[in-house]
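Chemist: Sequence first, predicted coordinates after that:
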Amino acid sequence: MKLVVLHGPPAVGKLTVARELAALSGWKLFHNHLVVDALLEVFEFGSPGFVTLRERMWLDVFAEASASGLPGLIFTFNPESSVAQEFLQKLADGCRQRGDTLHFVALTCPEETIEQRLDDQARGGRKLRSLAMYRELRDAGVFKKPVMPPSEFTLDTSLHDPATAARMLWQHFTGGRS
């Protein structure tokens, strides 16, 4: 299985691009808020129970998706300090043990674009929508850890619409083949 980890800061367009890539590729989409939102019903964000279960659930889904024979899975991920650095090693080790290929894709855009997108109504659920809170978290260094491994592809989402971004990623993963 190919496991594509689309990562970047809040409001960079991870879920929007992931949806387009899923539609184009036929791969399943497992966005991080599926687990985060479920756990927030019971636990405070960042609490020990939240962190332990979030990591376990993410890793279990990857393992079961691979075992079920899925050709590809797209995972959206916002690096932030409640995620242990060891999670990324566990992710890589699991993929290697199963024979999966792990692809890190960095989505970026200028800070001004992030700040404009934060209050977009499309950012539903429990996504970060407060500009003041985003700035406070960013300035405190919350989004600097865990340190991501080098990405094989980096895409500025302010330069491409989501469909074009997805096509670029699909071409990267298929070598231009459909």
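Modeler: All right, it came through fine. Numbers count the residues shown, from 1 in each chain.

Chemist: quick one, strands of the protein?
Modeler: Under the criterion DSSP state E, the chain contains strands at 2-7, 28-31, 72-77, 101-108, 153-156.

Chemist: For the first one, buried residues please.
Modeler: Looking back up the chat, that one is strand 2-7. 2-7 (16 or more other Cβ atoms under 10 Å). The C-beta positions use only the backbone N, C-alpha and C, and glycine is treated the same way.

Chemist: hey, which helix or strand in the chain has the poorest pLDDT?
Modeler: Lowest on mean pLDDT, DSSP states H and E among the helices and strands of the chain sits helix 131-139, with a mean of 85.

Chemist: helices or strands up against that one?
Modeler: Under the contact definition 3 or more Cβ pairs under 8 Å, 6 or more residues apart in numbering; DSSP states H and E, helix 131-139 sits against helix 111-117.

Chemist: Next, the distance between the ends of stretch 21-29.
Modeler: With Cα to Cα, to the nearest Å applied, stretch 21-29 spans 9 Å between its terminal residues.

Chemist: List the buried residues for it?
Modeler: So for stretch 21-29, counting by 16+ other Cβ under 10 Å, buried means 21-22, 25, 27-29.

Chemist: Of those residues, which is the nearest to Ser66?
Modeler: Lys28 (11.3 Å; Cβ to Cβ).

Chemist: thinking Cys95 is in contact with Leu102, fair?
Modeler: Yes: between Cys95 and Leu102 there is a contact at 4.2 Å, judged by Cβ atoms under 8 Å.

Chemist: list the residues that contact both of the two?
Modeler: With contacts taken as Cβ atoms under 8 Å, 6 or more residues apart in numbering, Cys95 and Leu102 have Leu3 as neighbours in common.

Chemist: hang on, the earlier thing: out of the buried residues of stretch 21-29, what pair is the most spread apart?
Modeler: Leu21 and Lys28 (10.8 Å).

Chemist: shared neighbours of these two, which are they?
Modeler: Ile74.

Chemist: now Met148: how far from Leu73?
Modeler: Separation of Met148 from Leu73 (Cβ to Cβ, to the nearest Å) stands at 18 Å.

Chemist: what about Thr113, how many neighbours?
Modeler: Counted by other Cβ atoms under 10 Å, the residues lying close to Thr113 total 17.

Chemist: Phi and psi next, for the closest residue to it other than its chain neighbours.
Modeler: By the measure of Cβ to Cβ, 6 or more residues apart in numbering, the closest residue to Thr113 outside its immediate chain neighbours is Ser158, 4.6 Å from it. When read as degrees, to the nearest 10, the backbone of Ser158 gives phi -80, psi -10.

Chemist: What does the pLDDT read for Ser158?
Modeler: Per-residue confidence (pLDDT) for Ser158: 95.
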